[in-house]
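Trainee: okay, sequence plus prediction incoming.
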Amino acid sequence: MRIDSYAAAFAASVALAATPIAAATLEGQRFEDNARLATQDLALNGLGLRSILFIKVYVAGLYLPEKKATLDAILNLQGPKRLQLRMLRKADPDDFIEALVEGIEDNSSKAELAQLNVRVRQLEQNIIAIGSVVAGDSINFDFVPGIGTSISINSVRKGTVIGGADFYNAVLKIFIGQHPVDDRLKAGLLGR
């Protein structure tokens, strides 16, 4: 009887180990429920689609140390964070720069913009280093406390690391701030 119990427990553990990690899918883009950044596991907070009129541009996923549903809770959350964009169409650096800079300007006060100015120029240089992106490319905006924000395309870091949690928060506000680039994208990233 005891052997049967051990055998059943072993079979159950093997079945659990073979179970694939859950994932979320939007527009055919599969996002794992967890990501690892700077030795910390992050949870997928939400997914959203960025579209302009009827043109689908990218799907974004927000990974955090723990799920949060409001802008303030996310901005105040300690630890690493990842915003991942999965491109659904081609975009040139100028398109990205314009959208990112406008998003930061729309969601920042004049005083904040003065503090961010040099780092926004660094962001522009990093986007130029990436060059054009095409459908299927994956872009990560990663923040690690004490290090800063890095950008990678298809898991290859591009450009320089940009310092400051305030800068990463300014980037997040483009997507989930008071004046987001897309309201439905914001709702999705907030897990609504």
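Mentor: Done, it's in.
Trainee: so for the chain, the centremost residue is which one?
Mentor: When C-alpha atoms, centre = their mean is applied to the chain, the residue found nearest the centroid is Leu83 (0.9 Å).
Trainee: residues in contact with that one?
Mentor: 60-63, 140-141, 171-172, 175 (C-beta atoms under 8 Å, 6 or more residues apart in numbering). All C-beta atoms are positioned from the backbone trio N, CA, C, and that covers glycine.
Trainee: so which of these belong to helices?
Mentor: In helices, judged by DSSP state H, the following of those are found: 171-172, 175.
Trainee: same question for the lengthiest helix in the chain: list its buried residues.
Mentor: Counting by DSSP H, the longest helix found in the chain is helix 110-130. Buried residues in helix 110-130, counting neighbours by 16 or more other C-beta atoms under 10 Å, are found at 112, 116, 119-120, 122-124, 126-127, 130.
Trainee: closest to Met87 out of the residues you listed?
Mentor: Within these, proximity to Met87 (C-beta to C-beta) peaks at Ile130, which comes in at 11.1 Å.
Trainee: so the residue nearest to the closest one when sequence neighbours are not counted, which of the three states?
Mentor: Ranked by C-beta to C-beta, 6 or more residues apart in numbering and with sequence neighbours excluded, the top spatial neighbour of Ile130 is Lys158, at 4.8 Å. Lys158 falls in the strand class when you classify it by DSSP: H, G, I helix; E, B strand; the rest coil.
Trainee: show me what contacts Phe175?
Mentor: Phe175 makes contact with 48, 60, 62, 83, 103, 181-182, 185-186, 189 under the criterion C-beta under 8 Å, 6+ apart.
Trainee: and the lengthiest strand in the chain, which strands flank it?
Mentor: If you go by DSSP state E, the chain has its longest strand at strand 40-52. Paired strands of strand 40-52, with direction, are strand 34-37 (antiparallel), strand 55-64 (antiparallel) (DSSP bridges).
Trainee: wait, which of the ones in helices among the contacts of Leu83 is closest to Ile74?
Mentor: Compare each of the ones in helices among the contacts of Leu83 with Ile74 using C-beta to C-beta and the shortest gap goes to Leu172, at 6.6 Å.
Trainee: that closest one: neighbouring residues, count only.
Mentor: Leu172 is surrounded by 22 other residues when neighbours are defined as other C-beta atoms under 10 Å.
Trainee: would you confirm that it contacts Arg82?
Mentor: No. The pair Leu172 and Arg82 fails to qualify as a contact (C-beta atoms under 8 Å) at a distance of 10.7 Å.
Trainee: okay, and the common contacts of the two?
Mentor: When contacts are counted by C-beta under 8 Å, 6+ apart, the set common to Leu172 and Arg82 consists of Leu62.
Trainee: excluding its backbone neighbours, what's nearest Val48?
Mentor: Actually, residue 48 is Gly rather than Val. Once flanking residues are discounted, Gly48 sits nearest to Gly188: 2.7 Å by C-beta to C-beta, 6+ apart.
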